[in-house]
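Colleague: I would like to see how this sequence folds:
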Amino acid sequence: MTTTSSRPGVDGEAAGLAELAELCSRIAANVQRVIVGKPEVVRVALVALLAEGHLLVEDVPGVGKTSLAKAIARSIDCSVSRVQFTPDLLPGDITGMSIYNRQTTEFEFRPGPVFANIVIADEINRASPKTQSALLECMAEHQVTVDGATYALASPFMVVATQNPVEMDGTYPLPEAQRDRFTARVSVGYPDLAAELAMVDEHSAADPLEALRPVTDARQVRGVIDAVRHVHVGPEVRQYCVELVGTTRRLPEVRLGASPRATLQLVRASRAQAALAGRGFVVPDDVQAVAVPVLAHRLLLTPEALASRRSAVDIVRSLVGRHAVPAPGRPGS
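Modeller: Numbers count the residues shown, from 1 in each chain. The predicted structure follows:
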């Protein structure tokens with residue numbers, strides 16, 4: 001007979017699930033002091049953090065995209081860098097470059113802002129695709145290669161990027177390879193009347209970011225990320241994730257479906273969602289809770305779907321709603 005303490009992910013050697021959930025609750029409460037009335041947005045951001053992934057925040061100007069990224073960064077006592085993406089930004093401005101030292105008569109590598117635990121890439125789609133591609137290796141492999149030498153990045157490492165919709169002036173659409181490296185995409189959206197009134201009352205006199213203090217540090221974050229890796233995913237749930245992603249490649253409305261990397265990210269995000277709920281195992285509800293932010297931004301729709309005003313979010317929601325859910329099984333099986 002299998003006991004609870006022997007189930008994978010339940011004993012939590014790096015950190016207990018109760019401590020993990022409590023820590024995430026503190027981070028969420030801290031961020032929500034700045035981003036008022038958007039608990040779902042904060043939840044997705046935490047999922048991306050715990051899944052050791054990257055977050056893309058897309059919305060119109062002025063709704064708090066950069067504030068969300070800064071609030072996440074300031075909630076963790078770790079190294080943070082911010083890059084304002086502009087059309088004249090070069091790849092070396094992000095990764096770093098080799099500079100000739102006249103005293104030693106040798107080239108020395110000067111690290112760029114990507115060498116930090118959390119990198120805020122503000123308005124990422126205002127830089128050229130060449131500059132955007134400087135983040136590809138960083139986000140996928142947690143390393144930088146310059147002039148033939150490879151340099152490891154810090155751990156944990158997370159890119160929190162903001163972008164304006166592609167309809168805005170002066171923007172470049174993110175390449176498919178770039179979007180695929182983001183674990184999740186989220187839209188902040190306009191606040192409701194009550195939240196906007198509270199924001200005016202509380203934030204008009206002072207910037208809440210100035211008063212924000214860290215509630216955890218990089219060491220603790222590494223511990224909870226390690227605990228999330230041990231959250232159990234049963235064979236039925238793994239099959240469910242594979243079938244869900246595979247179906248996106250066969251939909252008539254979709255020109256380019258989700259990649260195998262998307263399947264891995266869906267499983268990792270589902271583990272993070274289960275950990276946020278205080279469970280050491282993943283259930284189909286966890287997969288459904290993260291499917292839209294993890295999958296929608298990876299899909300390219302056909303011209304017919306775009307003409308009929310269908311969005312990738314609508315398609316993923318419809319797919320999740322009609323896809324068969326696996327029967328519940330034993331978490332430790």
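Colleague: host element of the nearest residue in space to Arg181 that is not next to it in sequence?
Modeller: Nearest-residue entry for Arg181: Met139, 4.2 Å, with adjacent residues in sequence omitted and distances by Cβ to Cβ, 6 or more residues apart in numbering. To be clear about C-beta, it is placed using only N, CA and C from the backbone, and glycine gets the same treatment. Under the criterion of DSSP states H and E, Met139 resides in helix 136-141.
Colleague: mind listing the strands for the stretch 1-150 of the chain?
Modeller: 55-58, 76-77, 80-84, 96-101, 106-111, 118-122, 143-146, 149-152 (DSSP state E, counting those that start in this stretch).
Colleague: Do you know the pLDDT at the residue of the chain positioned farthest from its centre?
Modeller: Residue farthest from the centre of the chain, counting by Cα atoms, centre = their mean, is Gln103 at 42.9 Å. Here the pLDDT value assigned to Gln103 is 85.
Colleague: circling back to that earlier point, Pro175 is nearest to which of the strands of the stretch 1-150 of the chain?
Modeller: Smallest distance to Pro175 across these (Cβ to Cβ): 12.9 Å, for strand 55-58.
Colleague: So what's the model's average confidence on the longest helix anywhere in the chain?
Modeller: The longest helix of the chain (DSSP state H) is helix 260-276. Helix 260-276 shows a mean pLDDT of 95.
Colleague: And the contacts of the following helix or strand past that helix?
Modeller: Downstream of helix 260-276, the first helix or strand assigned by DSSP H and E is helix 284-295. For helix 284-295, the external contacting residues (Cβ atoms under 8 Å, 6 or more residues apart in numbering) are 44, 47, 183-186, 237, 240-241, 244-245, 248, 258, 262, 265-266, 269-274, 277, 279, 312-313, 316-317, 319-320, 325-326.
Colleague: ok so, going back, which neighbouring elements make contact with the helix holding Met139?
Modeller: Packed against helix 136-141, as judged by 3 or more Cβ pairs under 8 Å, 6 or more residues apart in numbering; DSSP states H and E, are the following elements: strand 143-146.
Colleague: Can you list the helices and strands that the strand it packs on packs against?
Modeller: So strand 143-146, by 3+ Cβ pairs under 8 Å, 6+ apart, packs with helix 92-95, strand 96-101, helix 136-141, strand 149-152.
Colleague: Off-centre distance for the lowest-mean-pLDDT helix or strand in the chain?
Modeller: Here the helix or strand of the chain ranked lowest by mean pLDDT, DSSP states H and E is helix 193-203, holding a mean of 78. Here helix 193-203 shows a centroid-to-chain-centroid distance of 27 Å under the convention Cα atoms, centre = their mean, to the nearest Å.
Colleague: quick one: buried residues of that helix?
Modeller: Going by neighbour count (16 or more other Cβ atoms under 10 Å), the buried part of helix 193-203 is Met199.
Colleague: Which of the helices and strands packed on strand 143-146 has the lowest mean pLDDT?
Modeller: strand 96-101 has the lowest average pLDDT among the helices and strands packed on strand 143-146, namely a mean of 88.
Colleague: Strand partners (parallel or antiparallel) of that strand?
Modeller: Paired strands of strand 96-101, with direction, are strand 106-111 (antiparallel) (DSSP bridges).
Colleague: can you give me the angle the partner strand makes with strand 80-84?
Modeller: If you take axes from the mean of the first three to the mean of the last three Cα atoms, to 10 degrees, strand 106-111 sits at 90 degrees to strand 80-84.
Colleague: which residues are in contact with strand 106-111?
Modeller: Contacts for strand 106-111 (Cβ under 8 Å, 6+ apart): 96-101, 146-147, 149, 151.
Colleague: 7 Å - rerun?
Modeller: In this structure, residues lying in contact with strand 106-111 by Cβ atoms under 7 Å, 6 or more residues apart in numbering are 96-101, 146, 149.
Colleague: can I assume Ser270 is in contact with Arg279?
Modeller: No. Counting by Cβ atoms under 7 Å, Ser270 does not reach Arg279; the two are 10.8 Å apart.
Colleague: Pull the contacting residues for the residue lying closest to Asp147 once chain neighbours are set aside.
Modeller: Nearest residue to Asp147 in three dimensions, chain neighbours excluded: Ser98, at 5.0 Å (Cβ to Cβ, 6+ apart). By Cβ under 7 Å, 6+ apart, the contact set of Ser98 is 107-109, 146-147.
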